[in-house]
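K.L.:
Test case, fold it:
(2 chains)
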Protein chains: 2
Amino acid sequence: MNELFKKRLDFIIEADKMKNIQRQTLLADSSRRENDAEHTFHFALAAMTFFDHCVIPGVDINRVVRMALVHDLVEIYAGDTYCYDVAASETQEEREKEAADKVFGMLPPEQGAEYLALWEEFDRRDTPDSKYAAAIDRIQPFINNTLTEGHTWKLGGVSVAQVYKRMAPIKEATPDLWEYVEENIKAAVEKGWIKP
Amino acid sequence: MNELFKKRLDFIIEADKMKNIQRQTLLADSSRRENDAEHTFHFALAAMTFFDHCVIPGVDINRVVRMALVHDLVEIYAGDTYCYDVAASETQEEREKEAADKVFGMLPPEQGAEYLALWEEFDRRDTPDSKYAAAIDRIQPFINNTLTEGHTWKLGGVSVAQVYKRMAPIKEATPDLWEYVEENIKAAVEKGWIKP
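P.N.:
Presented below is the predicted three-dimensional model:
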């Protein structure tokens, strides 16, 4: 078998495990938790769909979509870190760095380096592409949270200050979406889903 | 709320239903059937990852990834049609056309027309982009099928001629992958997963 194809095949088989990595977010119909593969699909489609609302100059939407497709692969080994879990967040960087070397190391070196660089850029949030990607990575679970009675906010006893901090990339990248976010944060506080 | 954003938001909320559309294909660990959101993620990532093996001239990988992300949205209303179900395939075109108008009609007109055109092109398989997309749409469940004792082949009592016909786009687009396909079809026939 073609040696390069074999490496890529093993990587694609490994990526199947994304379908078993559970996130805290529920599906919009509240029937169950979503997994990383589902989140990635939804994130990539939303990045394409909301792109007209992005005000950051110089964003390459094609790179953002590629970034979306690889952004959570490290969780195959590092697991999903609940974004409001302070203790888990402390070890997240180390766990994910190790996982990144492992999963992207399965690929032919050049391609592995490309995917690793995309993931690192996503993680740093210091470029136009990664800033827009961060906004969409946050709006997707935000939408599902507003549709499921604030499930993950209630789960973590999250405060309004924490939610505003977490959602800040949306304000910078896509002000049209921010109005919706702000309105729904206020409503969630009123309903007791988010602590004042 | 910004009117264009509202339409896109409703579309993205509707797309959440992809997580509940079950396919016949099992996860690689055989634990359960995969859904359309998971298949779409896996297809888009595989399209990026195997692109070096594509021999069709003029393929735009970024368009292929966009095509992958929208290619199964019609199944929110039309359901997943098992590819070896002859009776269901007869009504598939009509059901999916109606579903396409409904789901892409939720978007602002220009964007809805773009997504509809991508889906129609995918469905026709008459351009370089859609030919490569068809190859990857077939290799993803093929890989999972070989890892799950030929689950969907056994389910439909499928013959080797049917599998070769279904997998033909892989041969044309990505000969490096064809060797793997042919080898595994032969092995599946020997094991009795595919009828001779």
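
K.L.:
Grab the longest strand from chain A for me.
P.N.:
Identified as the longest strand of chain A according to DSSP state E is strand A:22-26.

K.L.:
where does chain A have low pLDDT?
P.N.:
For chain A, no stretch is flagged by pLDDT under 70.

K.L.:
quick one, strands of it?
P.N.:
According to DSSP E, the strands that chain A contains are A:22-26, A:33-35.

K.L.:
Report the buried residues of the longest strand of chain A.
P.N.:
A:23, A:24, A:25, A:26 (16 or more other Cβ atoms under 10 Å in any protein chain shown). Bear in mind the C-beta positions are built from the backbone N, C-alpha and C, glycine included.

K.L.:
Could you do stretch A:172-184 as well?
P.N.:
Quick answer for stretch A:172-184 (16+ other Cβ under 10 Å): A:173, A:174, A:176, A:177, A:178, A:180, A:181, A:184.

K.L.:
hmm, back to that, relative to residue A:101, which of the buried residues of strand A:22-26 is nearest.
P.N.:
The closest of the buried residues of strand A:22-26 to residue A:101 turns out to be residue A:23 (Cβ to Cβ; 23.0 Å).

K.L.:
ok, now which ones touch residue A:191?
P.N.:
Taking Cβ atoms under 8 Å, 6 or more residues apart in numbering or on different chains, we find residue A:191 in contact with A:149, A:150.

K.L.:
Tell me how far it lies from residue A:146.
P.N.:
Applying Cβ to Cβ, to the nearest Å, the value for residue A:191 to residue A:146 is 10 Å.

K.L.:
what's the neighbour count on residue A:87?
P.N.:
Neighbour count for residue A:87, taken as other Cβ atoms under 10 Å in any protein chain shown: 9.

K.L.:
The longest strand of chain A close to chain B?
P.N.:
No: judged by Cβ under 8 Å from any Cβ of the partner chain, strand A:22-26 and chain B are separated, with a smallest distance of 10.0 Å.

K.L.:
and that strand, what does it pack onto?
P.N.:
Using 3 or more Cβ pairs under 8 Å, 6 or more residues apart in numbering or on different chains; DSSP states H and E, the elements in contact with strand A:22-26 are strand A:33-35, helix A:36-49, helix A:128-147, helix A:151-156.

K.L.:
Phi and psi next, for the spatially closest residue to residue A:79 that is not a sequence neighbour.
P.N.:
Once flanking residues are discounted, residue A:79 sits nearest to residue A:21: 6.8 Å by Cβ to Cβ, 6 or more residues apart in numbering or on different chains. Dihedral pair for residue A:21: phi -90, psi 110, per degrees, to the nearest 10.

K.L.:
what's the burial count for residue A:21?
P.N.:
By the measure other Cβ under 10 Å, the count of residues near residue A:21 is 20.

K.L.:
give the contact list for it.
P.N.:
Taking Cβ under 8 Å, 6+ apart, one finds A:35, A:36, A:37, A:72, A:75, A:76, A:79, A:80 in contact with residue A:21.

K.L.:
Of those residues, which is the nearest to chain B?
P.N.:
Closest approach to chain B among the contacts of residue A:21 (Cβ to the nearest Cβ): residue A:37, at 4.3 Å.

K.L.:
Let me know whether the closest one touches residue A:19 as I believe.
P.N.:
Yes: in this structure, residue A:37 is within contact of residue A:19 by Cβ atoms under 8 Å, at 4.4 Å.

K.L.:
Who has more neighbours out of the two?
P.N.:
The residue with more neighbours, out of residue A:37 and residue A:19, is residue A:37; 27 against 22, by other Cβ under 10 Å.

K.L.:
Next, the contact list for that one, please.
P.N.:
Going by Cβ under 8 Å, 6+ apart, residue A:37 touches A:18, A:19, A:21, B:37, B:38, B:41, B:42.

K.L.:
Out of the strands of chain A, flag the one nearest residue B:118.
P.N.:
Of all the strands of chain A, strand A:33-35 sits nearest to residue B:118, with 24.6 Å by Cβ to Cβ.

K.L.:
Name the residues of the closest one that are buried.
P.N.:
Neighbour-count burial for strand A:33-35 [16+ other Cβ under 10 Å]: A:34, A:35.

K.L.:
close to chain B, is that strand?
P.N.:
Yes: interface with chain B: strand A:33-35 contributes A:34, A:35 (Cβ under 8 Å from any Cβ).

K.L.:
tell me what that strand is packed against?
P.N.:
strand A:22-26.

K.L.:
quick one: contacts for the nearest residue to residue A:40 once chain neighbours are set aside?
P.N.:
The shortest distance from residue A:40 to any non-neighbouring residue, by Cβ to Cβ, 6+ apart, is to residue B:41 (4.8 Å). By Cβ under 8 Å, 6+ apart, the contact set of residue B:41 is A:18, A:37, A:38, A:40, A:41, A:44, A:69.

K.L.:
Tabulate the CA atom coordinates of stretch A:31-50 in CSV.
P.N.:
What follows is stretch A:31-50, C-alpha atoms only, in CSV (Å, rounded to 0.1, in the frame of the first residue of the first chain):
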residue,chain,number,x,y,z
SER,A,31,-32.0,14.7,24.1
ARG,A,32,-28.3,14.1,24.9
ARG,A,33,-24.8,15.6,25.0
GLU,A,34,-23.2,16.4,21.7
ASN,A,35,-19.7,14.9,20.8
ASP,A,36,-16.6,16.5,19.3
ALA,A,37,-17.4,15.3,15.7
GLU,A,38,-20.8,16.9,15.9
HIS,A,39,-19.5,20.1,17.4
THR,A,40,-16.8,20.3,14.7
PHE,A,41,-19.4,19.9,11.9
HIS,A,42,-21.6,22.5,13.4
PHE,A,43,-18.7,24.9,14.0
ALA,A,44,-17.4,24.6,10.4
LEU,A,45,-20.8,25.1,8.9
ALA,A,46,-21.5,28.1,11.1
ALA,A,47,-18.1,29.6,10.2
MET,A,48,-19.0,29.5,6.5
THR,A,49,-22.6,30.7,7.2
PHE,A,50,-21.9,33.7,9.5
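
K.L.:
what's the neighbour count on the closest residue to residue A:156 other than its chain neighbours?
P.N.:
For residue A:156, ignoring the flanking residues on the chain, the nearest one in space by Cβ to Cβ, 6+ apart is residue A:84 at 3.9 Å. Using other Cβ under 10 Å, residue A:84 has 18 neighbouring residues.
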